[in-house]
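Novice: no FASTA, just this:
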């Protein structure tokens, strides 16, 4: 019984450990999974389906409407009489100021815009996924360096303790080594916590609630020497062709213009055709009677005065169109500024990365020299720790500039329709 209980507890522990273990996913698999499971993308797709249903309904408005009716009645007026009536009626609008056509055009534009909004939502999601994924990679790389520093700091503290006990270094030097080792370990622990938080954040973006996603790093994430950005005009031209935001803004103007034309329909006459056929059976004591009838009616309705309702809607529609045109112009300016700012940020990050890469390598080499000199007694504790601080500061600048450049470059790839790769 005890053996079975132990096995059960081990299985439960194994399940809990497996549940908490990070799920390894590449950036490409993260993006594809996000597109299929993100609540925002799924909502945008439902809105697209709704727009498609509206388009189908607008097409159906050109067809006639048909109704059938039937009734059974009983009367008592000295004699019992019952009657059966039935009929079928159809109505077709031949002309209604082109309102059906305007509704169809609006629905077509709305359907096309809803498709673009799905892509717009996916682009926004891609940027968030890439940002979270790169944050994990950056801190994973940072963690690897910090482990080296912690290992070195631990060794230095142990050696310092021996030297302090035999009187080769002052107590203040030993306390500095001890504090440095504690600080290095705390920085490493904080980076580990940051990685876990970023993994959970990425899991939420993928709708994997409570699941930590582990980013898969490539052997060489980026080489600054071989990197270069295309010309600014080329990037802007591709963004205008690829980003749905430009077309969505233009379609808002189209929708406002069609809405104005729809209000113009209320000033025009309506011509409709109605047809019907019906019959009636009368069942009375003195006998039965049957009668049927058919009708065909062509009706014309001319609007004369509706207390200014149509005129008010028309004026409001003109204002709405002007507002949409102004908003479209502002959107174009904002989008162009967004691409410009992103392009400049990418170029600046690339420049910083190239500089910080060389600076980090130089400070690392200097730090390693001072570690050796300190071990040989040719450098003081303060001098060695100062070199370590300079190296760690240069390392942080290197990692920040490296992944800032990668993020900006990938955002440009997203907005210009290029493949997103690490």
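Specialist: Good, I have the coordinates. Not measured: the values here are computed from a predicted model.

Novice: tally of neighbours for the residue lying closest to residue 390 once chain neighbours are set aside?
Specialist: Closest residue in space to residue 390, ignoring its immediate chain neighbours: residue 363 at 5.1 Å, by C-beta to C-beta, 6 or more residues apart in numbering. For the C-beta atoms, the positions are set from N, CA and C on the backbone; glycine is no exception. Neighbour count for residue 363, taken as other C-beta atoms under 10 Å: 21.

Novice: Remind me which helix or strand residue 363 belongs to.
Specialist: Applying DSSP states H and E as the criterion places residue 363 in helix 309-375.

Novice: same thing with residue 421?
Specialist: Using DSSP H and E, residue 421 falls outside every helix and strand.

Novice: for residue 296, same thing?
Specialist: Going by DSSP H and E, residue 296 is part of strand 287-301.

Novice: That strand packs against which elements?
Specialist: strand 270-284 (3 or more C-beta pairs under 8 Å, 6 or more residues apart in numbering; DSSP states H and E).

Novice: Quick check: buried residues in the strand it packs on?
Specialist: 270-272, 275-276, 278, 280 (16 or more other C-beta atoms under 10 Å).

Novice: How about stretch 74-87?
Specialist: Result for stretch 74-87 [16+ other C-beta under 10 Å]: buried residues 81, 87.

Novice: same deal with stretch 111-118?
Specialist: Quick answer for stretch 111-118 (16+ other C-beta under 10 Å): 111-118.

Novice: Stretch 157-173 too?
Specialist: Quick answer for stretch 157-173 (16+ other C-beta under 10 Å): 157, 160, 163-164, 169, 173.

Novice: Closest to residue 417 out of these?
Specialist: Nearest to residue 417 among the buried residues of stretch 157-173, counting by C-beta to C-beta, is residue 157 at 53.7 Å.

Novice: could you measure the nearest residue in space to residue 383 that is not next to it in sequence against residue 159, distance?
Specialist: Leaving aside its sequence neighbours, residue 383 sits nearest to residue 370 (C-beta to C-beta, 6+ apart; 6.4 Å). For residue 370, the distance to residue 159 (C-beta to C-beta, to the nearest Å) stands at 15 Å.

Novice: for residue 48, same thing?
Specialist: Distance from residue 48 to residue 159, by C-beta to C-beta: 67 Å.

Novice: Same question for residue 207.
Specialist: Taking C-beta to C-beta, one finds residue 207 at 51 Å from residue 159.

Novice: in the protein, which spans are helices?
Specialist: 2-20, 27-37, 39-60, 99-165, 171-205, 232-242, 244-264, 309-375, 381-416 (DSSP state H).

Novice: Just put those in TSV and tack on mean pLDDT and distance to residue 217.
Specialist: Shown next, in TSV, are the helices of the chain (pLDDT from 0 to 100; distance: least, C-beta to C-beta, whole Å):
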stretch	mean pLDDT	distance to residue 217
helix 2-20	42	21
helix 27-37	92	10
helix 39-60	94	27
helix 99-165	92	5
helix 171-205	92	12
helix 232-242	91	27
helix 244-264	93	31
helix 309-375	92	17
helix 381-416	91	11
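
Novice: pLDDT score assigned to residue 293?
Specialist: Listed pLDDT for residue 293 reads 83.

Novice: Which residue comes closest to it once chain neighbours are left out?
Specialist: residue 278 (5.8 Å).

Novice: what do you get for residue 63?
Specialist: Residue 63's closest residue in space is residue 92 (C-beta to C-beta, 6+ apart), at 8.0 Å.

Novice: Neighbours of that neighbour, how many?
Specialist: Neighbour tally, residue 92, other C-beta under 10 Å: 14.

Novice: And residue 110, by the same measure?
Specialist: Neighbours around residue 110, by other C-beta under 10 Å: 22.

Novice: repeat for the one 10 residues further on
Specialist: Counted with other C-beta under 10 Å, residues neighbouring residue 120 total 17.

Novice: wait, what's in contact with it?
Specialist: 44, 243-245, 248 (C-beta atoms under 8 Å, 6 or more residues apart in numbering).

Novice: got it, and residue 299?
Specialist: Counting by C-beta under 8 Å, 6+ apart, residue 299 has contacts 271-274.

Novice: change it to 10 Å
Specialist: 91, 93-94, 270-274 (C-beta atoms under 10 Å, 6 or more residues apart in numbering).

Novice: coming back round to it: pairing partners for the strand holding residue 296, with directions?
Specialist: strand 270-284 (antiparallel) (DSSP bridges).

Novice: how distant is the strand it pairs with from the center of its chain?
Specialist: Its chain's C-alpha centre and that of strand 270-284 lie 56 Å apart, by C-alpha atoms, centre = their mean, to the nearest Å.

Novice: tell me the angle of that strand relative to helix 99-165?
Specialist: Interaxial angle of strand 270-284 relative to helix 99-165 (axes from the mean of the first three to the mean of the last three C-alpha atoms, to 10 degrees): 110 degrees.

Novice: taking the mean pLDDT, what do you get for strand 270-284?
Specialist: According to the model, strand 270-284 has a mean pLDDT of 82.

Novice: what does stretch 340-357 rub up against?
Specialist: Against stretch 340-357 from outside (C-beta under 10 Å, 6+ apart): 222-225, 227-232, 235-236, 239, 359, 394-412, 415.

Novice: before we move on, the earlier item: against residue 327, how distant is the residue nearest to residue 390?
Specialist: Applying C-beta to C-beta to residue 363 and residue 327 gives a distance of 51 Å.

Novice: Nearest to residue 300 among the helices of the chain would be which one?
Specialist: Between the helices of the chain, helix 99-165 lies closest to residue 300; by C-beta to C-beta that is 15.6 Å.
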